[in-house]
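# need coordinates for the following:
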Amino acid sequence: MEVSIILKLTALNALCFLGILSKDIMALEPSFDVPIVNITVVAGKTAVLPCSIDSLGDFKVVWTDQYSTLLTLDEKRIIDDERMVLDRPHTKDWNLLLHDVKYDDRGRYTCQINTMPIKTKTIELIVLVPPTILDSSSTDLTAKEGDKVTLTCNVTGIPRPTVQWFRKPHADSRDQHKERVGINGEILIIHNISRYCDGIYECVAFNDVPPAVNRVISVMVEFPPEVWLDNRRMGQSRGKETILECKVTAFPQGVTVWRYQGQDLINSDKYRVEVYQDRGHMVILSVRIVNLTREDFGQYSCFASNGFGMDEETMTLYEFIPASKAQPVVTTTTVPILSTTVSKRNRLLRPSIYDDKEFVPYNPSGNGHNPGNDSLSDGQLFGFKCTGAIVRICAQYSMNNSGTTRHTGMYNSATLLITLICVLDVFCFLRS
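The predicted structure is shown next:
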């Protein structure tokens, strides 16, 4: 009886102990501490796939990829890929590091705990790839004017890159402005290409994953020559020298000459021919003609040709005869000088055309000057007084026996007018 009671009590205690133990085990069951996230990384960089576990206990942790390939077990790498490393900066961290990420590494990775049932945490690895231009893209090319030209710029990248096209003139052109051409895309088609469409074409690929990449393609267009003349007529005197110039655009450059009377002009004592490279496909052809004679005047032509055509322009060199200079006409005017006999006191006033004190005796009869008739009944001398060197103004004037002068109102007004004119001239000179 007592034995059975003891056995029952022992069994009851065992059941209680097992119940308490099972509760403790359930309370210490491992769990993931970090929520599920997606990881985005640029190709070539290092990806960190986080996995943090609480209360792991004696359970094991493994990493697998999207193909269920076992990558790590606890702290050991299972797969033969040295780029994969298990990183444990803290006790509960079981992070998977993937160095030098490649685009093929993208996909789903799983961190697992070998509980019953198995606990898992899935992470999606997204790999971005910068744009790359493939070698199959177009290279430098030469086309004929009027041809159809197709330029390609094959690119790869994640996300898919956008391709834009630009054009700028060749390096030897003065205008180096780059302009946008065509529409976005890997192919640029130029219909009926002309000489004005040649240049450096550039495709730029970008997808917001730096760096953007570009490729330049040189396009050359072959076309026949075109001759330009700045002047179609030029004059020069005999014995002088002159220079004739023409501009020729062509690709490729061929024969370019100056011609006179059907003969090509070459370097000699008479002619000096020079060619200058200008911008783009343009050259300047000049000929210097020295010691011009009558035989040098006439029609000169600038001729150019290549394998695609020819062009010619003509200009006239004529003799320039300067107009003779007109000689100034000099006229001589003889001014008669009237001599008169005046009284002794009148000779004291020595007349001069530049002297303000000039005194001209006055003859009221109008029949010439009679000596001795200059004196009036009151003993005064009467005549004309003139003033001014540039503008001469004369007015009636009288002088008494004592030598005192008396000006008329007309004389005083004339003197004032000349003074005002002089002041005005000085004022205008100072303002200018």
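# now the element after the host helix or strand of V127, going C-ward?
Assigned by DSSP states H and E, V127 belongs to strand 119-133. Scanning forward in sequence from strand 119-133 by DSSP H and E, the next helix or strand is strand 141-144.
# what bridges to the residue nearest to T242 when sequence neighbours are not counted?
Closest residue to T242 apart from its sequence neighbours, by C-beta to C-beta, 6 or more residues apart in numbering: Q236 at 4.3 Å. For the C-beta atoms, the positions are set from N, CA and C on the backbone; glycine is no exception. Taking DSSP bridges as the rule, Q236 bridges to E319.
# what's the span of stretch 153-163, first residue to last?
Start-to-end span of stretch 153-163 (C-alpha to C-alpha, to the nearest Å) is 8 Å.
# you'd agree the residue nearest to T242 is up against E319?
Yes: using C-beta atoms under 8 Å, Q236 is in contact with E319, at 7.4 Å.
# counting neighbours, go ahead and name the busier of the two.
Higher neighbour count among Q236 and E319: Q236, with 17 against 13, using other C-beta atoms under 10 Å.
# if I pick the more buried one, what's in contact with it?
T242, L292, L317, E319, F320 (C-beta atoms under 8 Å, 6 or more residues apart in numbering).
# now with 7 Å?
Taking C-beta atoms under 7 Å, 6 or more residues apart in numbering, we find Q236 in contact with T242, L292, L317, F320.
# next one: F297
Per C-beta under 7 Å, 6+ apart, neighbours of F297: L317, Y318, E319.
# list the residues that contact both of Q236 and E319?
With C-beta under 7 Å, 6+ apart, Q236 and E319 have no common neighbours.
# tell me the phi and psi of the nearest residue to N267 once chain neighbours are set aside?
Leaving out its chain neighbours, the residue that sits closest to N267 by C-beta to C-beta, 6+ apart is V273, at 5.5 Å. Backbone geometry at V273, expressed as degrees, to the nearest 10, gives phi -100, psi 130.
# which residues are in contact with V273?
Contact analysis of V273 by C-beta under 7 Å, 6+ apart lists W258, L265, I266, N267, V287.
# apply 8 Å and report the result again.
Contacts of V273 (C-beta under 8 Å, 6+ apart): V257, W258, L265, I266, N267, L285, S286, V287, R288.
# can you check V257 too?
Contacts of V257 by C-beta under 8 Å, 6+ apart are D264, L265, V273, L285, C302, F303, A304.
# tally up the residues packed near the second one, please.
Other residues within reach of L265 by the criterion other C-beta under 10 Å amount to 18.
# need phi/psi at it.
phi -90, psi 130.
# ok, of the contacts of V273, which come out buried?
V257, W258, L265, L285, V287 (16 or more other C-beta atoms under 10 Å).
# any chance of those in a markdown table, plus distance to N154?
Shown next, in a markdown table, are the buried ones among the contacts of V273 (distance: C-beta to C-beta, whole Å):
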| residue | distance to N154 |
| --- | --- |
| V257 | 47 |
| W258 | 50 |
| L265 | 53 |
| L285 | 44 |
| V287 | 51 |
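# could you list the domains of this protein?
Segmentation of the chain into domains, based on automatic domain parsing, reads 31-129, 134-224, 229-319, 346-429.
# a markdown table for the ones you listed, including mean pLDDT?
A markdown table is the format used below for the domains of the chain (pLDDT from 0 to 100):
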| stretch | mean pLDDT |
| --- | --- |
| domain 31-129 | 94 |
| domain 134-224 | 94 |
| domain 229-319 | 95 |
| domain 346-429 | 53 |
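# skip the chain neighbours and tell me the closest residue to C197.
I190 (5.9 Å).
# who is that neighbour paired with across the strands?
Going by DSSP bridges, I190 forms beta bridges with V149.
# nearest to E202 among the contacts of V257?
A304 (31.8 Å; C-beta to C-beta).
# now E312: phi and psi?
The phi and psi torsions at E312 (degrees, to the nearest 10) take the values phi -150, psi 140.
# distance of it from K247?
Distance of E312 to K247, computed by C-beta to C-beta, to the nearest Å: 13 Å.
# which of these two has more neighbours?
For E312 versus K247, neighbours defined as other C-beta under 10 Å are more numerous around K247 (18 against 14).
# so what secondary structure elements neighbour the helix or strand harbouring that one?
Per DSSP H and E: K247 is located in strand 242-251. Contacts defined by 3 or more C-beta pairs under 8 Å, 6 or more residues apart in numbering; DSSP states H and E place strand 242-251 against strand 213-228, strand 233-236, strand 255-260, strand 282-289, strand 298-306, strand 309-319.
# contact partners of that strand?
Residues from elsewhere that reach strand 242-251 (C-beta under 8 Å, 6+ apart): 195, 198, 220-230, 234, 236, 256, 258, 278, 280-289, 292, 300, 302, 304, 306, 311, 313, 315, 317.
# buried residues in that strand, which are they?
Here strand 242-251 shows T242, L244, E245, C246, K247, V248, T249, A250, F251 as buried, counting by 16+ other C-beta under 10 Å.
# tell me the one of these nearest L97?
Distance to L97 across the buried residues of strand 242-251 (C-beta to C-beta) is lowest for F251, with 58.5 Å.
# look up how far S218 lies from the residue nearest to that closest one when sequence neighbours are not counted.
Residue nearest to F251 in three dimensions, not counting chain neighbours: H281, with 4.5 Å by C-beta to C-beta, 6+ apart. Counting by C-beta to C-beta, the gap from H281 to S218 is 13 Å.
# which of those two has more neighbours?
H281 (23 against 14).
# and that one, what does it touch?
R195, T249, A250, F251, Q253.
# and the two most separated of the residues you listed?
Within those, two members stand farthest from each other by C-beta to C-beta: R195 and Q253, at 13.0 Å.
# hmm, back to that, paired strands for the strand holding V127, with orientation please.
Strand 119-133 sits in its sheet next to strand 38-42 (parallel), strand 107-113 (antiparallel), strand 155-158 (antiparallel), going by DSSP bridges.
# dump those strands to a markdown table, plus mean neighbour count.
Putting the strands paired with strand 119-133 into a markdown table (neighbours: other C-beta atoms under 10 Å) gives the following:
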| stretch | mean neighbour count |
| --- | --- |
| strand 38-42 | 14 |
| strand 107-113 | 18 |
| strand 155-158 | 19 |
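# same list (the ones you listed) but as TSV, adding distance to S31.
Listed next are these as TSV, based on distance: least, C-beta to C-beta, whole Å:
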stretch	distance to S31
strand 38-42	21
strand 107-113	9
strand 155-158	35
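# for the ones you listed, which one sits closest to I78?
Ranking the strands paired with strand 119-133 by their distance to I78 (criterion: C-beta to C-beta) puts strand 107-113 first, at 12.8 Å.
# just the residues contacting that closest one, thanks.
The contact list for strand 107-113 (C-beta under 8 Å, 6+ apart) reads 30, 32, 49, 51, 53, 56, 59-66, 71, 94, 96, 118-125.
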